[in-house]
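Enquirer: got a predicted structure here, sequence first:
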Amino acid sequence: MHGTADLVNDTNLDAARERANALPLADYDPGDPELFKTDSFWPYFDRLRRDDPVHYCKDSIFGPYWSVTRYNDIMDIDTNHSVFSSAASLGGITIRDVPPDLRRESFIAMDQPRHSAQRKTVAPMFTPASLDELAINIRKRSTECLDNLPRGEVFDFVDKVSIELTTQMLAVLFDFPWEDRRKLTRWSDVATTLPGAGGLVATEDERQAELMECAGYFARLWKERSNQPPKTDLLSMMAHSDATRNMDPKNFLGNLILLIVGGNDTTRNTMSGSIYALNKHPDQYRKLKANPALIDSFVPEVIRWQTPLAHMRRTALQDFEFRGRQIKKGDKVVMWYVSGNRDETAIERPYEFDIERARPRTHISFGFGIHRCVGMRLAELQLKIIWEEILKRFDTIEVVEEPQLVYSSFIKGYETLPVRIAA
C-alpha cells in the first residue's frame, strides 16, 4: 500500500516490506528499537494486524512478550484493569522490564484505588480554567521563541523549538528554576533511553546516578513548597495533598519522571512531527495556510499520525484467554498504539495524513481507560498555539534533510530535524 510512505523513501519501505513478508511470524520481534530508528516497523505491524493480531514473541532483548496490534483489541486490554496491571512492582508500563530494586511507582504505573487518588492530585492543573491561564503564558513564550529563529539558514527544529518550548512549559508547570530548565530535558531523555555505548548513558548505573540527581534537586524544591502556603504548581499541589504528601522516595521520583516525560517527550515529538508531516504532505500544508481554522482538526490528526509513545505495556494478573490466545499469569502484554493508529478497520485511510478528517479524535495516542493521558488537553493546546503563531509569521518551514530518529520502541521521536525558514 503506497500510503505507508510516511517513510524516508519508498525503497527503504519496499525492502522493509519484503523482509516483513519473508520472515516467519514466529520470528517477529516488533519491539526491536532498530526498526524504529530506521522507521521500517510499519510493514511488520501491517502484517501482524492482518495475520496474527495477538502475537507472541518468544525471545527479544526485552524477553518474551505479547503484541496487541488492532485498535479495538488495544481498547479492550487498556480498559481491563482487573486482568492487566500497570503496577511498577510487576515491571511497569514499558516493554523494557525495570530491575526489581529500581522499580518506582508513579500513578501511571499503579493500579486502583491508589492510582486515582494520586492522579487526582495533579488533575486541577489541567482543568479548562487552568488551561486558559496557561494559554497566555504558552502564547507569550511561543512568540518569543519563533521571533528569535534564524532566517535563511539551516537550524535544528527539535532543539530550537520543540525542546525549548516544551521545557519552558515544564518549568512553568513545576515552577522550576528557569536557568536550570534544560536539566528537565536531560532527565526526561535519560529516563527513557536504552543504555549502551555511544548512547546518552553507557550503563544502567550511569542512568540511576543522573536520576538520583533529579530526585535530590526536586527534594530541595519540595521542602520549600511544603513549608510555603499552597500554590498552583504541580510540586506544591503534590506537597499539600493527602494522597501524595507522604510518598516514599521511589514513588516521589516515579511521579516526577512520569510528569517530566509526559510533559516533555510527547509534546516535543508531536511538535517536530507536525513540521515533518506537513513537509511530507505539501497539499495539506497549503490547505492549512489557506484556512488556519483547520488547526482544530490538524492537531489531533498529527497526534494520531505521529503517535509519540509507540506502546504501553501491561502484565497479566491471571491466566486469560484473549482472541483465542492463551495469555498466562505474569506475561508481558504490549499494546502497540502506533499500530492501532494505522488500523484500517477502525480508522478510514489510516496512512493518509488528512487535516480535514471527519473524526480526527479517533486515535489512541493518549491511551484509553483510567490511565488516559492526564495532560492531553494541554498537549493539544500547546500544538494549537504554536501553529497559530507559525502561520502568522512564516510562509513555510522547510525540512531540508531527513530527521534522525530516536533508538527506542517506546518514545517515537526525533533527535534532529534540520529546517530552514526563507530569509
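Expert: Sure, I can see it.

Enquirer: so which helix or strand takes in Phe45?
Expert: Per DSSP states H and E, Phe45 falls inside helix 42-51.

Enquirer: so how far is that helix off the chain centroid?
Expert: Helix 42-51 sits 22 Å away from the centroid of its parent chain (Cα atoms, centre = their mean, to the nearest Å).

Enquirer: tell me how far Ala310 lies from Thr396.
Expert: 29 Å (Cβ to Cβ, to the nearest Å). Any C-beta I mention is one placed from the backbone N, CA and C, and that applies to glycine too.

Enquirer: which one of these two has more residues nearby?
Expert: The neighbour count for Ala310 versus Thr396, taken as other Cβ atoms under 10 Å, is higher for Ala310 (28 against 17).

Enquirer: backbone dihedrals for Glu415, please?
Expert: Dihedral pair for Glu415: phi -80, psi -40, per degrees, to the nearest 10.

Enquirer: from Phe394, how far out is it?
Expert: For Glu415 relative to Phe394 (Cβ to Cβ), the value is 23 Å.

Enquirer: Tyr56 now?
Expert: With Cβ to Cβ as the criterion, Tyr56 and Phe394 are 48 Å apart.

Enquirer: low-scoring stretches of the stretch 51-200 of the chain, by residue?
Expert: Scanning the stretch 51-200 of the chain for pLDDT under 70 picks out the ranges 103, 105-107, 109.

Enquirer: all helices for it, in order.
Expert: Taking DSSP state H, counting those that start in this stretch to define them, one finds helices in the stretch 51-200 of the chain at 71-79, 114-122, 128-147, 157, 164-174, 182-192.

Enquirer: next: the stretch 201-350 of the chain.
Expert: With DSSP H, counting those that start in this stretch as the criterion, the stretch 201-350 of the chain has helices at 204-226, 234-239, 249-280, 282-290, 295-306, 337-340.

Enquirer: what mean pLDDT does the second one have?
Expert: Looking back up the chat, that one is helix 234-239. If you average the pLDDT over helix 234-239, you get 88.

Enquirer: what sits up against it?
Expert: Applying Cβ atoms under 8 Å, 6 or more residues apart in numbering, the external contacts of helix 234-239 come out as 121-122, 124-125, 173-175, 218, 221-222, 225-226, 228, 230, 244-245, 247, 255, 259.

Enquirer: again, only using 7 Å
Expert: 121-122, 124-125, 173-175, 221-222, 225-226, 230, 244-245, 259 (Cβ atoms under 7 Å, 6 or more residues apart in numbering).

Enquirer: can I get it as PDB, trimmed to CA atoms?
Expert: Provided in PDB are the C-alpha atoms of helix 234-239 (Å, rounded to 0.1, in the frame of the first residue of the first chain):
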ATOM      1  CA  LEU A 234       2.500  20.700  40.300                       C
ATOM      2  CA  LEU A 235       5.000  20.300  43.100                       C
ATOM      3  CA  SER A 236       3.100  22.400  45.500                       C
ATOM      4  CA  MET A 237      -0.100  20.500  44.600                       C
ATOM      5  CA  MET A 238       1.600  17.200  45.500                       C
ATOM      6  CA  ALA A 239       3.300  18.500  48.600                       C
END
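
Enquirer: tell me the secondary structure for Asn12?
Expert: Under the three-state scheme (DSSP: H, G, I helix; E, B strand; the rest coil), Asn12 adopts helix.

Enquirer: separation between it and Trp42?
Expert: As judged by Cβ to Cβ, Asn12 and Trp42 stand 10 Å apart.
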